[in-house]
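[1] have a look; sequence and predicted model below, questions after that.
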Amino acid sequence: MEVETGAICAFLGPNGAGKSTTVKMLTGLLKPTSGDALVAGHNVASEPLAVKRIIGVLPENLGLFDALTVEEHLYLSGPIYSLSRAETRSRTDQLLRALALENGRSTFIEHCSYGMRKKTALAMALLHNPRVLFLDEPFEGIDPVTSKTLRGLLTKVAARGVTVFLTSHILPIVERLATQIVMIREGRAVWNSRPDELPKSLEDVYFDLVEWPIEEDLPWLGCSPS
């Protein structure tokens, strides 16, 4: 599988298919047991630090600290990527405005909603201007306005050459946003194409190749006639 520079690749599959495991291998959190994986030309197994310098990651568990505020997460992240204090604060202000976090910037993470925590982790992933973005379920748990803002943001950064690799279960968003769609089942790719190459709707292809929904009637559910 190859993802071109500036693509928005949606990596789709049912729970347990291997999506998050793949992301963890590509971002250096898990070492592959065999095969090769390259991110922007760097081997993830032999050059893990080089990979981590050029990627931004929205992880499955978000990786935040309850005792830090929203803005403190970004202030601490900047120096890790050699950003000056002034540049870190400037980018933090812009990201908090873009993600509608400005009013909650001084809120401790333990008091934030799931959506606010998700957006904080996303802001951290974007802060250092990565060449490649890995986003694990970026649209889960956020409101419609933030979802639209994020779609616009990802489209813009991809147009500027940032490669986006995301997992998602929200197929309508994927169908509008992605420029490449990869579906996996039991750890193997079963589809890889541009959206315009799908023979029918993304949902129909997904159901055909990956997982058909269970249709079980539960006759005891419902209101009995009075």
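    Cool, got the structure.

[2] phi and psi next, for residue 132.
    Geometry field for residue 132 lists phi and psi as phi -130, psi 130, criterion degrees, to the nearest 10.

[3] what do you get for residue 189?
    Torsion angles at residue 189 (phi, psi; degrees, to the nearest 10) stand at phi -70, psi 130.

[4] can you give me the helices in this protein?
    19-26, 48-54, 70-80, 85-98, 114-126, 144-159, 171-177, 202-209 (DSSP state H).

[5] so what secondary structure elements neighbour the first one?
    By that I understand helix 19-26. Packing partners of helix 19-26 (3 or more CB pairs under 8 Å, 6 or more residues apart in numbering; DSSP states H and E): strand 8-12, strand 132-136, strand 163-167. All C-beta atoms are positioned from the backbone trio N, CA, C, and that covers glycine.

[6] tell me the angle of that helix relative to strand 8-12?
    Here helix 19-26 points in a direction 130 degrees away from that of strand 8-12 (axes from the mean of the first three to the mean of the last three CA atoms, to 10 degrees).

[7] returning to what we had before: now render the helices and strands packed on helix 19-26 as CSV, adding distance to residue 185, mean neighbour count and mean pLDDT.
    What follows is those, written out as CSV (distance: least, CB to CB, whole Å; neighbours: other CB atoms under 10 Å; pLDDT from 0 to 100):
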stretch, distance to residue 185, mean neighbour count, mean pLDDT
strand 8-12, 10, 25, 96
strand 132-136, 18, 22, 95
strand 163-167, 14, 24, 96
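
[8] nearest to residue 11, out of the helices of the chain?
    Using CB to CB as the measure, helix 19-26 is the one of the helices of the chain that comes nearest residue 11, at 5.6 Å.

[9] buried sites along that closest one?
    The neighbour-count criterion (16 or more other CB atoms under 10 Å) identifies 19-20, 22-26 as the buried residues of helix 19-26.

[10] looking at those residues, spot the one nearest residue 121.
    Nearest to residue 121 among the buried residues of helix 19-26 is residue 23, at 13.7 Å by CB to CB.

[11] and that closest one, how far from residue 166?
    Distance check for residue 23 against residue 166: by CB to CB, to the nearest Å, it reads 9 Å.

[12] overlap of the contact sets of those two?
    With contacts defined as CB atoms under 8 Å, 6 or more residues apart in numbering, the residues shared by residue 23 and residue 166 are 11, 134, 136.

[13] you'd agree the last one is up against residue 167?
    Yes: under the contact definition of CB atoms under 8 Å, residue 136 touches residue 167, with a separation of 5.2 Å.

[14] now the common contact residues for these two.
    Common contacts of residue 136 and residue 167 (CB under 8 Å, 6+ apart): 19-20, 23.

[15] want to throw those into a markdown table with pLDDT and distance to residue 55?
    Supplementary listing: the shared contacts of residue 136 and residue 167 in a markdown table, determined by pLDDT from 0 to 100; distance: CB to CB, whole Å:
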| residue | pLDDT | distance to residue 55 |
| --- | --- | --- |
| 19 | 90 | 17 |
| 20 | 87 | 16 |
| 23 | 91 | 10 |
